[in-house]
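Undergrad: coordinates only, no sequence provided:
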């Protein structure tokens, strides 16, 4: 089975403090650590597991700057066979729609049975790329995927719905499946593996290589344009308990006692 | 005649809350821009839903087709792209749900109609559609504008807009023949699947100790288990803890897990993304422990502790045990 995985190199922000920069349209990135988007991490693992079970190849594709090679190399170290980076000044400012158009041009002539993407990205959270890509390729898709099985040209997948419920659907192959976190346990990469992956080639393609025009990508090729970023207004804020650890613990216990909870 | 579409979302014989939230927001926008509000109802044997939709909209468009019985993005897309092409609504609202995310992006791409997903607010400023979304896990808001168009698609985050009752509008109902001419062959709904329930029902607990990504490693679990034990409460968690296999799925609080309303919820190492908060915000008392002072969880909590959880939690556990033994 030939698999393509679309990945994104994103800043890790779950536990970091975020500051909007002077432009008011971006956050300050200098102090942030970048890594593979969490959802894509699961998509990559799923692709490698499928390759190990069924044979075939895994190709990872990203749209991003040169620094995204870090993420591509980790994917190679984890079991991907080929890596493609799509980079061009003109791609800057692209929304999910423009990113899907860029990926479409890079993928349409590659051999594949299945394309995996993350269900969303942890930075802009559009949850669109995989589904738009499928539409542009003229193939079916499904999202929020928690389990994949195969039978005669079909993928039988469990999709995560709300409230702990799942649904089982069948999708004809080739298809795009957008992966939800928790579908597997992404493996760790050995230092050895990363070292080996350094020698592998990363193919780099730009606007012209892909046969795209400038107006099709970047802000002009996007549906949505960021006007400003801001820290959400505070409607309600917790009363912050201060002091030493013992003092804090005592304050909590007093609150609990007042409510009959201890 | 211009109109705003709201796609009714239903599952297993019930209209979902997001439908009424969208109708409320859609009505506000339709009044502001002087257009009609139209509920779009797709399904099979769906008469039971018509009245509650007609009470809230100028009209209800109904497409009844056996192939629409359970949600199927391929079938829904065929019908909606037909309806949007025919009637050219200024805006189509869809829930940012497991169904909406499967449908809206391909629908918008097919029609080349600008799409904004997971919006927490939207408004027409002149002819431009402007939306507010959250990025970086809810730590930052974005105001963004959509490319100028005479039709837009927007998915709305569930639980963001309050569904308000109105004096029944008694909207007209229009049945439309299904535009699905060829069979749906690429995608098929098979069945619902409910993961088996475990022995602990967190939604019945009075005291919940909720843990998140900040717990870092399964080896750190005893620290929070002891706190839960001291409080006579149960352990629950946000999504990353289930993803890593440290607690079973039935302990997950939030949109894709359970909704809880305990007397007390202590959130430990949980950043507080809306998916989690929507499942616990109605607890009587919420205490949050997180080392990031800007973590969104502090907007949901009554009391907050900005500290390293590995220092605070053991101290708190000991203090509670002391309190209990002194009684």
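TA: Received it, and whenever you're ready, just let me know what you need. No experiment lies behind these values; they were computed from the predicted model shown. Numbers count the residues shown, from 1 in each chain, chains lettered A, B, ... in the order given.
Undergrad: hey, let's count contacts and neighbours off CA atoms from now on
TA: OK.
Undergrad: can you report how many residues neighbour the residue of chain A at minimum distance from chain B?
TA: The minimum distance from chain A to chain B, using Cα to the nearest Cα, falls at residue A:182 (3.8 Å). By the other Cα atoms under 10 Å in any protein chain shown criterion, the neighbourhood of residue A:182 contains 20 residues.
Undergrad: three-state assignment of it?
TA: coil (DSSP: H, G, I helix; E, B strand; the rest coil).
Undergrad: wait, does the strand or helix carrying residue A:49 contact chain B?
TA: When secondary structure is defined using DSSP states H and E, the element that contains residue A:49 is helix A:38-54. No. Using Cα under 8 Å from any Cα of the partner chain, helix A:38-54 stays clear of chain B, with a minimum separation of 9.9 Å.
Undergrad: what residues does stretch B:127-145 touch?
TA: Contact with stretch B:127-145 is made by A:13-14, A:18, A:122-125, A:224-232, B:116-124, B:146-149, B:273-274, B:294-296, as judged by Cα atoms under 8 Å, 6 or more residues apart in numbering or on different chains.
Undergrad: try stretch A:13-27
TA: Contacts with stretch A:13-27, where a contact means Cα under 8 Å, 6+ apart, come from A:28, A:32, A:123, A:226-231, B:136-137, B:139-140, B:214, B:271, B:292, B:294.
Undergrad: now stretch B:50-59
TA: The contact list for stretch B:50-59, computed with Cα under 8 Å, 6+ apart, reads B:23, B:27, B:36-39, B:41, B:60, B:165-174.
Undergrad: average pLDDT for it?
TA: Rounded to a whole number, the mean pLDDT of stretch B:50-59 is 97.
Undergrad: end-to-end on that stretch?
TA: This stretch, stretch B:50-59, spans 10 Å end to end (Cα to Cα, to the nearest Å).
Undergrad: got the buried residues for that stretch?
TA: Along stretch B:50-59, the positions that meet the burial threshold by neighbour count (16 or more other Cα atoms under 10 Å in any protein chain shown) are B:50, B:53, B:54, B:55, B:56, B:57, B:58, B:59.
Undergrad: ok, of those, which one's closest to residue A:259?
TA: Looking at those and their distance to residue A:259, the nearest is residue B:56, at 41.8 Å (Cα to Cα).
Undergrad: residue A:197 and residue B:321, how far apart?
TA: Computed as Cα to Cα, the residue A:197 to residue B:321 distance reads 52 Å.
Undergrad: which one of those two has more residues nearby?
TA: residue A:197 (21 against 16).
Undergrad: in contact with that one, which residues?
TA: Taking Cα under 8 Å, 6+ apart as the definition of contact, the neighbours of residue A:197 are A:73, A:74, A:76, A:77.
Undergrad: now it: closest residue in space, sequence neighbours ignored.
TA: residue A:77 (5.2 Å; Cα to Cα, 6 or more residues apart in numbering or on different chains).
Undergrad: also residue A:186?
TA: Nearest residue to residue A:186 in three dimensions, chain neighbours excluded: residue A:45, at 5.4 Å (Cα to Cα, 6+ apart).
Undergrad: residue contacts, the one you found?
TA: Residue A:45 sits next to A:78, A:184, A:185, A:186, A:187 when contact means Cα under 8 Å, 6+ apart.
Undergrad: now a ChimeraX select for only the buried ones of these.
TA: Under the burial definition 16+ other Cα under 10 Å, those of the contacts of residue A:45 that qualify are selected in ChimeraX by:
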select /A:78,184,186
